[in-house]
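Participant: heads up, no residue letters with this:
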C-alpha cells in the first residue's frame, strides 16, 4: 500500500463523511485506489459512510479475510456498519474469521437478532444520506442512482445515527441547493431492532408512515421495515385480528400518493433555484 499524503490522511481521519461523499461520485476504480492509499482503520471509517450500493459492490470484490481485517482495525461503530452491509451467510463467515474474540462476540450480539424480532426482518438496502449533505449534492447523487432505488430517504449523522426522514415536499420548495438536508428532516420515531414483531405492530408511528426506520441500541440506522412485511410475517406465524392500524390504509392513501409524486418531481429534473 503506498504511503498516504499527510494532509489527505489528516482530512480523511477528521472528515470521513465528506471524503466518502466525494468518493461516491468517482468510478469504482478510483474509489478502490483511494481506499488503498489509506490505513486500514481510516479506510474502514470512510467505507462505512459510503452509500449502501457502493459498499455492497466494494465488499463483494474483497475476500472474507480482507473484510475481517477491516473489521479488526475499525472502530466498533464503523465495524458494525460494515457488517450490516453483508448478507447473512457471508456475515457469519466474516465474523467467524475475526481474530479479536470480544469484538466478534459484540458484533454478533449487535447484528444477529432472534427470528421474531424487528432486527431479523430489517431491510438494510434503504437509501440514507448524511444530514450534512447539501440539497443540491443530494439530488445529484439520488439521480445518479449510486445510493439505490429511492422510495423513502432516511437521514443519518456522520456516525450513522438516525436523524429523520427527508421531507420531499419541503425539498422541492427549498430556495437554496446549499441547504443541508438535515434541516428538511421529518421527525419519525424509529423501531428498536430487538422489539418483538407483535409489539412492533402496535407502534403508533404506523399512523404516520407505512415504513419505519429500525435502529440498534445506539441509534444507528440499521435499515427499515414496512408494515406490510411485518403483517405478512405475523400472519405466517399465527393469524390475528388486524386492529386499528389496518384502518389507516384508506385514510393515508392520498398522502403517500402525493409523497411519491414529490419524489418523482425531485428526481425528474427540477432543481432548487
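Facilitator: All right, it came through fine. Everything numeric here is computed off the predicted structure, so don't read it as measured data. Numbering: from 1, shown residues only.

Participant: could you pull out the helices for the protein?
Facilitator: In the chain, the segments counted as helices under DSSP state H are 6-14, 16-23, 28-36, 40-47, 52-60, 64-73, 76-84, 88-96, 101-111, 135-144, 168-173, 197-201, 227-237, 248-267.

Participant: Those helices into TSV, with extra columns for mean neighbour count, distance to residue 182 and mean pLDDT?
Facilitator: (C-beta placed from N, C-alpha, C; glycine too.) Shown next, in TSV, are these (neighbours: other C-beta atoms under 10 Å; distance: least, C-beta to C-beta, whole Å; pLDDT from 0 to 100):
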stretch	mean neighbour count	distance to residue 182	mean pLDDT
helix 6-14	13	19	83
helix 16-23	20	12	85
helix 28-36	15	25	86
helix 40-47	22	20	88
helix 52-60	17	19	83
helix 64-73	18	28	87
helix 76-84	21	19	82
helix 88-96	15	30	83
helix 101-111	15	25	80
helix 135-144	18	10	83
helix 168-173	17	12	87
helix 197-201	17	26	94
helix 227-237	14	26	89
helix 248-267	14	16	57
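
Participant: Please identify which of those helices is closest to residue 179.
Facilitator: Shortest separation from residue 179 across the helices of the chain is recorded for helix 135-144, at 4.9 Å, computed as C-beta to C-beta.

Participant: Show me what the closest one is packed up against.
Facilitator: Under the contact criterion of 3 or more C-beta pairs under 8 Å, 6 or more residues apart in numbering; DSSP states H and E, helix 135-144 touches strand 127-130, helix 248-267.

Participant: Now with 7 Å, please.
Facilitator: Counting contacts by 3 or more C-beta pairs under 7 Å, 6 or more residues apart in numbering; DSSP states H and E, helix 135-144 is packed against helix 248-267.

Participant: can you put the helices of the chain in CSV and add distance to residue 154?
Facilitator: Formatted as CSV, those follow (distance: least, C-beta to C-beta, whole Å):
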stretch, distance to residue 154
helix 6-14, 25
helix 16-23, 15
helix 28-36, 23
helix 40-47, 19
helix 52-60, 11
helix 64-73, 24
helix 76-84, 14
helix 88-96, 21
helix 101-111, 18
helix 135-144, 12
helix 168-173, 12
helix 197-201, 17
helix 227-237, 16
helix 248-267, 13
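
Participant: Residue 121 is nearest to which of the ones you listed?
Facilitator: helix 227-237 (6.1 Å).

Participant: At the geometric centre of the protein, which residue do we find?
Facilitator: Closest residue to the average C-alpha location of the chain: residue 128 at 4.7 Å, with C-alpha atoms, centre = their mean.

Participant: which ones are touching that residue?
Facilitator: Residues near residue 128 by C-beta atoms under 7 Å, 6 or more residues apart in numbering: 52, 154, 156, 221.

Participant: Identify the bridge partners of it.
Facilitator: residue 154 (DSSP bridges).

Participant: State the distance from the residue nearest to residue 67 when sequence neighbours are not counted to residue 106.
Facilitator: Spatial nearest neighbour of residue 67, excluding adjacent residues (C-beta to C-beta, 6 or more residues apart in numbering): residue 94 at 5.1 Å. According to C-beta to C-beta, to the nearest Å, residue 94 and residue 106 sit 14 Å apart.

Participant: Contact partners for residue 156?
Facilitator: 128, 130-131, 162-163, 221.

Participant: Would you mind giving these as CSV with pLDDT and distance to residue 33 added?
Facilitator: CSV is the format used below for the contacts of residue 156 (pLDDT from 0 to 100; distance: C-beta to C-beta, whole Å):
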residue, pLDDT, distance to residue 33
128, 86, 25
130, 86, 23
131, 90, 29
162, 93, 32
163, 95, 31
221, 88, 29
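
Participant: just curious, which of those residues is nearest to residue 119?
Facilitator: Closest approach between the contacts of residue 156 and residue 119, by C-beta to C-beta: residue 221, at 12.4 Å.

Participant: Relative to residue 237, how far out is that closest one?
Facilitator: 26 Å.

Participant: next one: residue 83
Facilitator: For residue 83 relative to residue 237 (C-beta to C-beta), the value is 27 Å.

Participant: now do residue 224
Facilitator: 21 Å.
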